Each structure stands twice: as C-alpha cells, then as structure tokens.
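Student: pasted the sequence and its predicted model underneath.
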Amino acid sequence: MARALLEALNLQVHYGGIAAVKGISFVVEEGEMVCLIGANGAGKTSTLKALARMIPSRGEIHYDRERIEALPGHALIARGLALVPEGRGVFARLTVVENLMMGAYHREDSREISSDLEKIYGLLPRLKERRTQVAGTLSGGEQQMLAIGRALMGRPRLLLLDEPSMGLAPLMVEKVFEVVRKVAAEGVTILLVEQNARLALEVCSRGYVMESGAITLADSSAALLADPRVRAAYLGE
Amino acid sequence: MEILLQQIINGLTTGSVYAVVALGYTMVYGVIQLINFAHGEVVMIGAMVAFSVITALAGSGLPPLLIVLAGVLAAIPSCMLMGYLLERVAYRPLRHAPRLAPLITAIGMSIILQHLALLAWGRNPLAFPQIIDNRVFSVGGAAISTVQIAIILLSLVMMAGLSGFVYRTRFGIAIRATAENVHVAGLMGVNANRVIAATFVIGAALGAVAGVMYGSYYGIAHYTMGFNLGLKAFSAAVLGGIGNIAGAMLGGILLGLVEALGTGYVGELTDLCDWPPAHDWLTAQCADGGNFVLFGSNYQDVFAFLMLILVLVFRPSGLLGERVSERA
C-alpha cells in the first residue's frame, strides 16, 4: 500500500458553540483519488477548509510527514497542498491569465511557470481563448475550469476539490470531471468533496460518507455504490 | 474666459494632490474596507518633515532643487514608517473586531498624530522657505507657475507608476486579488498581512510627496492641514468609487476642478445685482456699479463636501465603483 499523504486525526470544527465537524479521522494516500460525500450541511466544506487552514480546528492534520495545523494557510501551497474552494472563488475582476498567474504566486521559476501556463491552456483550451477577459464574465463552467487551472498552476501534490459540480449544467459537469480525471492521471492526489454522490463514487476509488459532522461509512467506491444505505440516502433509490 | 482657464489650471493642481492622497484612502479601503482617517495626518507629517529639512538646509548653499529633493526624500521614509506603524499598532489588532472599532481608532489616531505634530512643530503655521524661483508663465491670459507645473507632472508620474505597479507586477496583482477575496488569495500563498501593510506603506509614500506638494503650493505647513486635505481626498475617493484605484485618480482631479471652478464663479453667479431687481433696498445697494454677493470664494470648502453629499445620495458606489453597497 502507498503511504499516507494526508491524514486527519480526530478533526473538529466549531462555529461558535455549534460543532460542524465532530472528530473525524481519515487518510488520503499518495496518488489516490478519494471522495467525501454527504448531504448539504454534513460538514464536508468545513473539513476541507480546516485542512487548508482557512478556519481554525482541533485535532491533528498530518501532511507529507508534517503536522500542519499550526501553519498559516498561505504556507500550504508551497508544500503542494491546494484547495479549489466551493463556489470556485475566481478573482472576478482579474483577467483569466492574471487568475492563473496568481496560482503560481508562490513560485519563483518563471520559465517553468510559462511552460505550465501553456500546459494548462492545452488542458483547458477555453481559458486560452479568454485569457485577456475578466474572469467575472466567464460562464460558471468556465470559472470552475479556471479555478482548477489556477490551482494546477501551483503544481500541487494534493488537490482538495470542493463541489466542482455545483451549479453547473450536466454537460459542463461531465467536462469538469473529465479534467479532474486527467489531473488525477498525471499523479496528483485528489480529495473530492461532492453532493453528487454517484458522480463522485464513479471517479474515485474510495469514499467516505459524512453525516452531521461524523464519518459514518468508509469503503471502496464499488462497495459504497452497492451499499443499500448509500443507495437509499444519496443515490435516490 | 481667462477666469475659466485660470481656474482649470488651479483645479488641476489641487486636484492632482487630492488624487494622490485619495489613492492612499482607496488602496487601504480596497483591501481591508477601513477608512483610514489618519491618512490626512500622514500627509501632514510628510509636509512637516520636508519643511524641517528644507529649512535646515536653506542656508547651506546647496542647489535649491537638491534641498527640495532632500526634503522629499526625508519625508517619504518617515511617512512610510508611520503608515506601517499605524497598521501594525492601531489597526491589525482590530482586524477581526466589529467595523466600528477600527473606524473609531482611525479617528483617534488622526487626533493623536495631529497633537504629536503640534508638540513637535508648534501651533503656528510654518512658512516654507521660498528657495526655488517660482516663475510664472502666461498661457492664454491665465498664469501657471513652475510649482503648479511640477505638481501636475509629478502627480501624473506617481499615478502612472502606481498603476503600472498594481496592474503589471506580481505583487500588484496579489494586492488586487487580496482586495477581492482575502481568503482565496491566501490559498494562492499570499500573505495577507504583508499585502495589507504594503497598501499602508505605499499610500503613505504617495501621501508624503502629496504633503510636500501641498505645502509648497500654499507656502505653509500646519499641524491641522491634514484634516481638511484628508477629508477632501476622502471625498474624492468616494466620488471615484472607494476601493477603485482609477476612481481615486479621476475623483481627485474632478474634485479639484469642481472646487476651483465653483470658487471662481460662485461670487459672480450669486451677485444679486446681476439678478432681476427684487427690492428697492437692493437696487440702492447696487447703484453705481456696486455688488451684493451672497457667496464669496470663502465658500471654497463647501464644494468638495457638497459633491460628497450628492454622490452619496445619487450614486453611493461612486463614478467607477461597483460593489460598495453590498459592503457598506
């Protein structure tokens, strides 16, 4: 078995007195693609935000043999941990290329950055067409592509993806997931958070099911897809 | 016609200064949504420091331009340090406090800085030594002085420089990204504290030069000069759309022009003797070419704030602003 790239132990997130994440533990191994599924409000986004140090949390977070819970959020991308936030979070008033260059903000290797930019344009040709356009004028799907492309510009080892399908038309969702698959094929480890459980389980090898702040099931995607509880609660059967 | 041209020249001069000061307000607001009311005082300190250096060197026999340059070069780092300390000591501890707390602190810092300047430089207006031969040129019947030309040109250079920095450099793009979404910028590895400190320091450096320009234009520096200048520059930033860099430049120039034209024409326009006769008493006052002016040029300061009120009533987001309402 590959070694763990990310491990959360007893992770807890509180908002005021309300516990959003109630001491969950999970592992993401190097090179795998894992999903975290669950209903709206189960604590999936809070979990990702805690991993990316955007919000305070309790418990341990091990990333690449280092404890990262005390690090500031802006120190993580240089270690290869990138988050594509829920709602995409593109800089609407910056151009597409400026957004992409922000993804490489922490890097100093300007020659490599330009070659990565060309690679991203190859993967996401729509972004190249619109590179001088202000990101706020892009469609939702294009913004999602931009958010992923921007994260890739940071050369991540671990990509945290928060609801990439949110608010997108089915055709666009398919395109976004095709890109996600390609990224995974390049060896980037991915932790995917999705409400669309079927879609998530179809692309990932393993999954965790989250329910009101706790992990209730953890298994291979095939087993979860066959599990009657998952089928009833998340696959609408 | 000469009045029009003359007031345009005067308005461009003061407007350039307003624009440069307004940039300091707007950059800080853009990033942390704080109106740094102490910015006017930073500008004042710039004028004061330059005054001290220029006065000290005035008799030294150095070339006058070099002396002025030394004054500016002393003012800039002093103000940058002050801008940095303001952010570090007064605002950063309140970063996550309710919005009213840093606002009140800003007003408090403004008062503190004014009174520190009062202690250091005294209560009397300080006359800038006239070491540079301020020549006056005639353009179409209007006068423009070397100082005015220098102020307008220098301001344009600074505005172009700032635009280049903010729109072309990596750190400039990071500043705009942080202004838009500080959390996502953090995900890109942007250290928000550094960006915020940078906006204060850059705004203060621009303000230092603006202070020297303002002081040498009117020939005096005074510990209260930052208050009025700061309020007008703030009005200019709001007029252009606070948080918007191009807006601050546009707002500053427009405000200077409105103020100058308003001041130039308000006397003529409110001379009741030019109006249809309303009363025998007034007709008597106007006999023999007399006049009865309702509002004179001492109403100069009214125009800036009248404009601020009109903007807030009719277009709160300013001329180039977009999303102030959702944040106010």
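Tutor: Nice, I can see it.
Student: wait, what's in contact with residue 184?
Tutor: I went with chain A, as the question did not name one. Listed by CB atoms under 8 Å, 6 or more residues apart in numbering or on different chains, the contact partners of A:Ala184 are A:Met33, A:Ile190, A:Val203. Where you see a C-beta, it was placed from the backbone N, CA and C, and this is true even at glycine.
Student: not quite, I wanted chain B
Tutor: A:Pro85, A:Gly89, A:Phe91, B:Ala177.
Student: these in strands, which ones?
Tutor: Assignment to strands by DSSP state E places none of those there.
Student: can the residues you listed go into CSV with extra columns for neighbour count and distance to B:Phe165?
Tutor: As requested, the contacts of B:Val184 are arranged in CSV below (neighbours: other CB atoms under 10 Å in any protein chain shown; distance: CB to CB, whole Å):
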residue, neighbour count, distance to B:Phe165
A:Pro85, 22, 28
A:Gly89, 22, 25
A:Phe91, 25, 17
B:Ala177, 25, 14
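Student: mind putting these in JSON lines, pLDDT and distance to B:Asn228 included?
Tutor: Shown next, in JSON lines, are the contacts of B:Val184 (pLDDT from 0 to 100; distance: CB to CB, whole Å):
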{"residue": "A:Pro85", "pLDDT": "96", "distance to B:Asn228": "44"}
{"residue": "A:Gly89", "pLDDT": "93", "distance to B:Asn228": "41"}
{"residue": "A:Phe91", "pLDDT": "96", "distance to B:Asn228": "36"}
{"residue": "B:Ala177", "pLDDT": "96", "distance to B:Asn228": "34"}
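Student: ok so, going back, of the contacts of A:Ala184, closest to chain B?
Tutor: Distance to chain B across those (CB to the nearest CB) is lowest for A:Ile190, with 15.9 Å.
Student: surely the closest one meets A:Val179?
Tutor: No: counting by CB atoms under 8 Å, A:Ile190 stays clear of A:Val179, with 11.3 Å between them.
Student: neighbour count winner among those two?
Tutor: Of the pair A:Ile190 and A:Val179, A:Ile190 is the one with more neighbours under other CB atoms under 10 Å in any protein chain shown, namely 21 against 17.
Student: for that one, which three-state class applies?
Tutor: Under DSSP: H, G, I helix; E, B strand; the rest coil, A:Ile190 falls in the strand class.
Student: interface residues of chain B facing chain A?
Tutor: Counting by CB under 8 Å from any CB of the partner chain, chain B comes close to chain A at B:170, B:173-174, B:176-177, B:180-181, B:183-192.
Student: closest point of chain A to chain B, which residue?
Tutor: For chain A, CB to the nearest CB, closest residue to chain B: A:His106, 3.4 Å.
Student: which residues of chain A lie near chain B?
Tutor: A:52, A:54, A:72-78, A:82-83, A:85, A:89, A:91-94, A:98, A:101-103, A:105-106, A:150, A:154.
Student: swap in 6 Å and give it another go.
Tutor: A:54, A:73-74, A:77-78, A:83, A:89, A:91, A:93, A:98, A:102, A:105-106 (CB under 6 Å from any CB of the partner chain).
Student: just give the number of residues close to the nearest residue to B:Tyr18 once chain neighbours are set aside.
Tutor: Leaving aside its chain neighbours, B:Tyr18 sits nearest to B:Gly252 (3.8 Å; criterion: CB to CB, 6 or more residues apart in numbering or on different chains). Neighbour count of B:Gly252, defined by other CB under 10 Å: 31.
Student: how about the contacts made by B:Gly252?
Tutor: B:Gly15, B:Tyr18, B:Ala19, B:Ala22, B:Ala236 (CB atoms under 6 Å, 6 or more residues apart in numbering or on different chains).
Student: residue of chain B nearest chain A, please.
Tutor: For chain B, CB to the nearest CB, closest residue to chain A: B:Gly189, 3.4 Å.
Student: pick out the residue nearest the middle of chain A.
Tutor: Closest residue to the average C-alpha location of chain A: A:Leu161 at 1.4 Å, with CA atoms, centre = their mean.
Student: which SS class is that residue?
Tutor: At A:Leu161 the chain is in strand, as set by three-state DSSP.
Student: beta partners for it?
Tutor: Beta bridges link A:Leu161 to A:Val84, A:Leu192 when assigned by DSSP bridges.
Student: thinking it is in contact with A:Leu191, fair?
Tutor: No: applying CB atoms under 6 Å, one finds A:Leu161 not in contact with A:Leu191, separated by 7.2 Å.
Student: and the top helix by length along chain A, what's buried?
Tutor: For chain A, the longest helix by residue count, based on DSSP state H, is helix A:170-185. Neighbour counts over helix A:170-185 (16 or more other CB atoms under 10 Å in any protein chain shown) mark A:Met172, A:Val173, A:Lys175, A:Val176, A:Phe177, A:Val179, A:Val180, A:Val183, A:Ala184 as buried.
Student: would you turn those residues into CSV with pLDDT and distance to A:Leu5?
Tutor: Formatted as CSV, those follow (pLDDT from 0 to 100; distance: CB to CB, whole Å):
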residue, pLDDT, distance to A:Leu5
A:Met172, 94, 29
A:Val173, 94, 26
A:Lys175, 94, 27
A:Val176, 94, 23
A:Phe177, 95, 22
A:Val179, 95, 21
A:Val180, 95, 17
A:Val183, 96, 15
A:Ala184, 96, 13
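Student: max pairwise distance over the contacts of B:Gly252: which two?
Tutor: B:Gly15 and B:Ala22 (9.8 Å; CB to CB).
Student: who's more crowded, these two?
Tutor: B:Ala22 (36 against 29).
Student: distance of the more buried one from B:Gly251?
Tutor: 6 Å (CB to CB, to the nearest Å).
Student: between these two, what contacts are shared?
Tutor: Joint contacts of B:Ala22 and B:Gly251 (CB under 6 Å, 6+ apart) are B:Ala236, B:Ala237.
Student: off-centre distance for stretch B:98-118?
Tutor: Its chain's C-alpha centre and that of stretch B:98-118 lie 18 Å apart, by CA atoms, centre = their mean, to the nearest Å.
Student: show the average pLDDT along it.
Tutor: The predicted model gives stretch B:98-118 an average pLDDT of 96.
Student: identify all contacting residues around that stretch.
Tutor: Contacts of stretch B:98-118 (CB under 6 Å, 6+ apart): B:Leu34, B:Asn36, B:Phe37, B:Ala38, B:Glu41, B:Met48, B:Leu86, B:Ala90, B:Tyr91, B:Leu94, B:Tyr223.
Student: out of the residues you listed, which two sit at the greatest distance?
Tutor: B:Met48 and B:Leu94 (27.0 Å).
Student: the two: which has the busier surroundings?
Tutor: B:Met48 (25 against 17).
Student: from memory that one sits against B:Trp121, does it?
Tutor: Yes: applying CB under 6 Å as the test, B:Met48 and B:Trp121 come out as touching, 5.2 Å apart.
Student: tell me which helix or strand the residue nearest to B:Leu239 when sequence neighbours are not counted sits in.
Tutor: Of all residues not flanking B:Leu239 in the chain, B:Gly251 sits nearest, at 3.7 Å (CB to CB, 6+ apart). For B:Gly251, the element it lies in under DSSP states H and E is helix B:245-269.
Student: that helix: what's the following helix or strand?
Tutor: helix B:280-286.
Student: list the buried ones in stretch A:102-111?
Tutor: Going by neighbour count (16+ other CB under 10 Å), the buried part of stretch A:102-111 is A:Met102, A:Gly103, A:Ala104, A:Tyr105, A:His106, A:Arg107.
Student: name the element the first one belongs to?
Tutor: In this case it means A:Met102. helix A:96-103.
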